[in-house]
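Engineer: Give me a model of this one.
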Amino acid sequence: MPPVAVAFLPFLPPCVTHPLHDLPEESTMPATLARPLPPTPARPPVSAAARVLMDRSSAGLLQACAARTPAERYVTAHLAALRAGAAVLAVRGRPTTRGGPRSVWEVIPRTAPELAEWAAFFAATASRRAAVEAGRGEAITSRDADDLLRDAEAFHHVVEGVLGLPFQRVLPGSLPACG
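Structural biologist: Take a look at the predicted model:
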């Protein structure tokens, strides 16, 4: 039996028959199927800087969870997401562009297109975060703060997957009340 077919046989339950089981030693299988699969492209190694940023993101999520006011929770959760986004850039690199500094949320869609929707979401919430930090703008409700914290945690876990890091639960199952 060709080596490719043998590699897949252990994954078949014993009650399932498969056409590759019945192949003669000198198979008429097309040569393209008998060739070994090309190696999967390796992910770039996760740098120490990216690991530090992910650790800071986790710490920020925990800090947001312990916040006493909705505004503090909102700002801290947004900053935790920002650190997770920066970890992606630390691994994938920054595209060279002219025109000065760009926000993480502007750069991510070019370096990690799979995170473009997350980047658009957090870019939309960044001005509100800045207004809260400056002491102006509308009040943040507990619900707004809790929703952003959950979204920041979800983004953190998506980034773990993108970087090839193991999933690690950060927040408890239910959030303590703030405000």
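
Engineer: CA atoms of stretch 161-170 as CSV?
Structural biologist: In CSV, the C-alpha atoms belonging to stretch 161-170 read as follows (Å, rounded to 0.1, in the frame of the first residue of the first chain):
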residue,chain,number,x,y,z
GLY,A,161,-4.8,31.1,17.8
VAL,A,162,-3.3,33.3,15.1
LEU,A,163,0.1,33.2,16.8
GLY,A,164,-0.1,29.5,17.5
LEU,A,165,-0.1,30.0,21.3
PRO,A,166,-2.2,27.6,23.5
PHE,A,167,-5.6,28.8,24.7
GLN,A,168,-5.4,30.0,28.3
ARG,A,169,-8.6,31.1,30.1
VAL,A,170,-8.1,34.6,31.4
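
Engineer: buried residues in it?
Structural biologist: By neighbour count on 16 or more other C-beta atoms under 10 Å, the buried set for stretch 161-170 is 162-163, 170. Any C-beta I mention is one placed from the backbone N, CA and C, and that applies to glycine too.

Engineer: Helices along this protein, start to end?
Structural biologist: 3-8, 31-34, 48-65, 70-92, 104-111, 116-133, 142-163 (DSSP state H).

Engineer: quick revisit: which one of the buried residues of stretch 161-170 is nearest Ala81?
Structural biologist: Proximity of the buried residues of stretch 161-170 to Ala81, judged by C-beta to C-beta, is greatest for Val170, which lies at 12.0 Å.

Engineer: Any buried residues in stretch 171-179, and which?
Structural biologist: So, applying 16+ other C-beta under 10 Å, buried residues of stretch 171-179: 171, 175, 178.

Engineer: Pick out the shakiest of the helices of the chain, pLDDT-wise.
Structural biologist: Among the helices of the chain, helix 3-8 carries the lowest mean pLDDT, at a mean of 41.
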